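give me a model of this one.
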Amino acid sequence: MKRRDFSLQLAGSGLGLALGLTGAARAQGAPVEGQQYTRLQTAVPLTLPSAQKKIEVIEFFSYACPHCFAFEPTMDAWAKQLPPDVYFHYVPVGFIGPALQKMFFALEEIGQREALHRKIFTALHVEHKRLNTESEITAFLVANGVDGGKYADAYKSFSVNTKLTRCQKLIGDYKVDSVPMVAVQGRYTTSPSQTGTHERTVPVMDYLVQRARQGG
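Prediction:
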């Protein structure tokens, strides 16, 4: 979902995916640069956590984005099958649901992000809960077993603010203007809106990971 489209999400939910499929995307064979994926003009430095990890894959997303919610099952299944040399992680964007962006890092800080990841999506897009403010978010998290004091401390912490600053830089470096978007090895980006469907995004991501492994 693009920044300018967020206000129209109820009228246009899913439309970008339906219209994004080009003739080349339907064709068989290797993905085509400029159609199913984009090569960045300037490579972004990697943020690998250890020497064992060689390839970085990022999903830029927002909990508030209906397209990210729809893509999540496909992305989750794909990420679980990645080989050990691939480092996959999420980066939350702030132009949709800015309060949820900082929440992501606060939950990560107290080790609760993975446990609540799907619950947050479900609360927003299935149960239609309001999670627009810090107080609404905190009440929801406490109701789902999070220690409110620990969360509040993490939310205000230097560590979380530092992660948020780094996150904003990363979003700028990748020139993210819509979500979901997947970045591979600081060089390539793809998305369901480029490939046409969630399912067609999977082989494109596989292709880009393999290309990165080969030094391409």
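
so where do the strands sit in this protein?
For the chain, strands defined by DSSP state E occupy the ranges 38-39, 55-61, 86-92, 181-184, 188-190.

note down every partner strand of the third one and its orientation.
Same thing as strand 86-92. Strand 86-92 has the following sheet partners, assigned by DSSP bridges: strand 55-61 (parallel).

tell me how far the strand it pairs with is from the chain's mean position?
In terms of CA atoms, centre = their mean, to the nearest Å, the centre of strand 55-61 is set 7 Å apart from its chain centre.

how about residues contacting that strand?
Where contact means CB atoms under 8 Å, 6 or more residues apart in numbering, the residues beyond strand 55-61 that reach it are 46-48, 68, 71, 75, 79, 82, 85-93, 170-171, 174, 176, 179-186, 205, 209, 212-213. Heads up, the C-betas are built off the backbone N, CA and C, glycines and all.

before we move on, the earlier item: columns mean neighbour count and distance to residue 131 on top of the strands of the chain, output as JSON lines?
Compiled in JSON lines, the strands of the chain are given as follows (neighbours: other CB atoms under 10 Å; distance: least, CB to CB, whole Å):
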{"stretch": "strand 38-39", "mean neighbour count": "15", "distance to residue 131": "31"}
{"stretch": "strand 55-61", "mean neighbour count": "23", "distance to residue 131": "15"}
{"stretch": "strand 86-92", "mean neighbour count": "19", "distance to residue 131": "13"}
{"stretch": "strand 181-184", "mean neighbour count": "24", "distance to residue 131": "22"}
{"stretch": "strand 188-190", "mean neighbour count": "23", "distance to residue 131": "28"}
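
export these to TSV and tack on distance to residue 158?
Compiled in TSV, the strands of the chain are given as follows (distance: least, CB to CB, whole Å):
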stretch	distance to residue 158
strand 38-39	35
strand 55-61	24
strand 86-92	19
strand 181-184	27
strand 188-190	31
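
quick one, which of those is nearest to residue 138?
strand 86-92 (17.1 Å; CB to CB).

which residues does the closest one contact?
When contacts are taken as CB under 8 Å, 6+ apart, the neighbours of strand 86-92 outside the stretch itself are 48-49, 53-63, 79, 82, 100-101, 104-105, 167, 170-171, 209.

repeat that for 7 Å
Defining contact as CB atoms under 7 Å, 6 or more residues apart in numbering, one finds that strand 86-92 is touched by 48-49, 53, 55-62, 79, 82, 100-101, 104, 167, 170-171, 209.

pull the distance from that strand to the chain's centre.
With CA atoms, centre = their mean as the basis, the mean position of strand 86-92 lies at 8 Å from the chain mean.

what mean pLDDT does it have?
Taken as a whole, strand 86-92 has a mean pLDDT of 98.

any idea how far residue 81 lies from residue 74?
With distances taken as CB to CB, to the nearest Å, residue 81 is found 12 Å from residue 74.

I should have written residue 205 there, sorry.
The value you get for residue 205 to residue 74, if CB to CB is used, is 10 Å.

and if you look at residue 185?
Residue 185 sits 20 Å away from residue 74, going by CB to CB.

who has more neighbours, these two?
residue 185 (23 against 17; other CB atoms under 10 Å).

contacting residues for the more buried one?
By CB under 7 Å, 6+ apart, the residues touching residue 185 are 46, 55, 56, 212.

right, I'll call it a day here.
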